[in-house]
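Chemist: next input, structure requested:
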Amino acid sequence: MIELTAEQVAALADIDAKGFVERVRQDLVGEEPELADAAFLWQRLWRAFNVARGFGLREDAHLVEFLRLEAYSPGFYEKPAMRVWIKRSSNSANSADERFHDFLRVLRWRIEHPEFVGGLTYGDDTGAVVGERRRGAWAGFVERWKGFVGWRGYGGNGKRDR
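Modeler: Numbering: from 1, shown residues only. Below you'll find the predicted structure:
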């Protein structure tokens, strides 16, 4: 039987984590080819992955969603409200994964109900975009998120906003 040192186990875990981030990056680029041009996407995702793990996120599904948010809103986790939410007292019965799941539910609700949070004008369509390529839990969410954070459209300088 092969016995590994703590350093070897840590190196294997690091390789596995980098593979995880790369697979998420590939999925994101496959869904949204414009992300292939995003500056330093892999480095941003790697940093976000480490921040998420530092917050205590352990579930793969939550790590993937954390990285998705980073792809469309760089540094979202540095916002004070996000940091307070995710770092709430560890004395509570809720884990970081549960708190992040709650954060996503609130975020989705706010995006889907902008009339209550000052987002879109009353009567604007908040449903999935016609011809939407994504399906499942993220169907339409990415388009609404990009609009919510100002990722879509063109700025005053004629260049595409991100």
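Chemist: I'd like the distance between A36 and W42.
Modeler: Taking Cβ to Cβ, to the nearest Å as the criterion, A36 is separated from W42 by 11 Å. Any C-beta I mention is one placed from the backbone N, CA and C, and that applies to glycine too.
Chemist: er, V84 actually
Modeler: Counting by Cβ to Cβ, the gap from V84 to W42 is 28 Å.
Chemist: if you count what's nearby, which of those two comes out ahead?
Modeler: Neighbours of V84 and W42, each counted by other Cβ atoms under 10 Å, are more numerous for W42; the result is 13 against 9.
Chemist: right, and that one touches E22 too?
Modeler: Yes - the pair formed by W42 and E22 meets the contact definition of Cβ atoms under 8 Å, at 7.1 Å.
Chemist: tell me the contacts of L4?
Modeler: Going by Cβ atoms under 8 Å, 6 or more residues apart in numbering, L4 touches L12.
Chemist: and for R99?
Modeler: W85, I86, R88.
Chemist: narrow the residues you listed to those that are buried.
Modeler: I86 (16 or more other Cβ atoms under 10 Å).
Chemist: and the strands in this structure?
Modeler: Defined through DSSP state E, the strands belonging to the chain form an empty list.
Chemist: longest helix of it?
Modeler: helix 6-31 (DSSP state H).
Chemist: ok, the contacts of R99 vs G75, which is closest?
Modeler: Minimum distance to G75 across the contacts of R99 is 13.9 Å, recorded for I86 (Cβ to Cβ).
Chemist: any idea how far E59 is from that closest one?
Modeler: The span separating I86 from E59 equals 14 Å under the rule Cβ to Cβ.
Chemist: then W46?
Modeler: Counting by Cβ to Cβ, the gap between W46 and E59 amounts to 19 Å.
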